[in-house]
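Colleague: Quick one, fold the following:
(chains A and B)
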Amino acid sequence: KNEVEQSPQNLTAQEGEFITINCSYSVGISALHWLQQHPGGGIVSLFMLSSGKKKHGRLIATINIQEKHSSLHITASHPRDSAVYICAPFSSGSARQLTFGSGTQLTVLP
Amino acid sequence: ETGVTQTPRHLVMGMTNKKSLKCEQHLGHNAMYWYKQSAKKPLELMFVYNFKEQTENNSVPSRFSPECPNSSHLFLHLHTLQPEDSALYLCASSQEPRGGAYEQYFGPGTRLTVT
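Modeller: Model prediction:
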């Protein structure tokens, strides 16, 4: 069983919809990355957070350390948001060690 | 050049070849990483270098050999690879403070195909 579980694995939405991607993890962590991977492979860091909530443009990330759960929300989704979204906690045993979820493939249709 | 760059972007090699992947970061970071992403699998950490010293090696086969000559450059030397080594190889860098977690910045990756 993967230490990091993301849901859903695949998500198709219409442009303008509100999107939620969930991440649950079983290891103790110090912080958590949300990453975006476009076709072609490049990965962009969206957020790193260790508590509460962060917002950047239409993206919002939340984390509940006690419940070992994080969510990524996209408001007013757009076709350019289509990508794979990856949750990656930093295990508290090694701050360099990211454990990666399998990713959520998001497709936003115009 | 800005951020993290990787060359080549695509590489096809035979099982008996020797090749090297190169990563360069222009962010002034002191830690660099190699990751492997196989089809339908999560990213896997391969190696970590901090201040040019290898600090982590996640049980990677010896046919993969990293080299970090300075804090800006990282190489992955490849020899006698297997077809199952075909994957996307990603480099990342971070600025490591004394304790805490570090945001990592990724390169575009090298798509490797072993024939």
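Colleague: give me the low-pLDDT residue ranges for the chain?
Modeller: Unless you meant another one, I'm taking chain A. The model of chain A has pLDDT under 70 over residues A:1-2, A:92-97.
Colleague: not what I meant, chain B
Modeller: Low-confidence regions of chain B, defined by pLDDT under 70, span residues B:1-2, B:52, B:97-101.
Colleague: what ranges do the helices span in it?
Modeller: Shown for chain B, no helices are assigned by DSSP state H.
Colleague: Quick check: the gap between the most centrally placed residue in it and residue A:33.
Modeller: Among the residues of chain B, the one closest to the centroid is residue B:34, at 2.7 Å (C-alpha atoms, centre = their mean). With distances taken as C-beta to C-beta, to the nearest Å, residue B:34 is found 17 Å from residue A:33. For glycine as for every other residue, the C-beta is placed from the backbone atoms N, C-alpha and C.
Colleague: Ok, residue B:78 next?
Modeller: Here residue B:78 is placed at a distance of 27 Å from residue A:33 (C-beta to C-beta).
Colleague: who has more neighbours, the two?
Modeller: A side-by-side neighbour count of residue B:78 and residue A:33, using other C-beta atoms under 10 Å in any protein chain shown, places residue A:33 first with 23 against 20.
Colleague: what's the closest non-adjacent residue to that one?
Modeller: residue A:88 (4.1 Å; C-beta to C-beta, 6 or more residues apart in numbering or on different chains).
Colleague: got it, and residue B:37?
Modeller: Residue nearest to residue B:37 in three dimensions, not counting chain neighbours: residue B:88, with 4.3 Å by C-beta to C-beta, 6+ apart.
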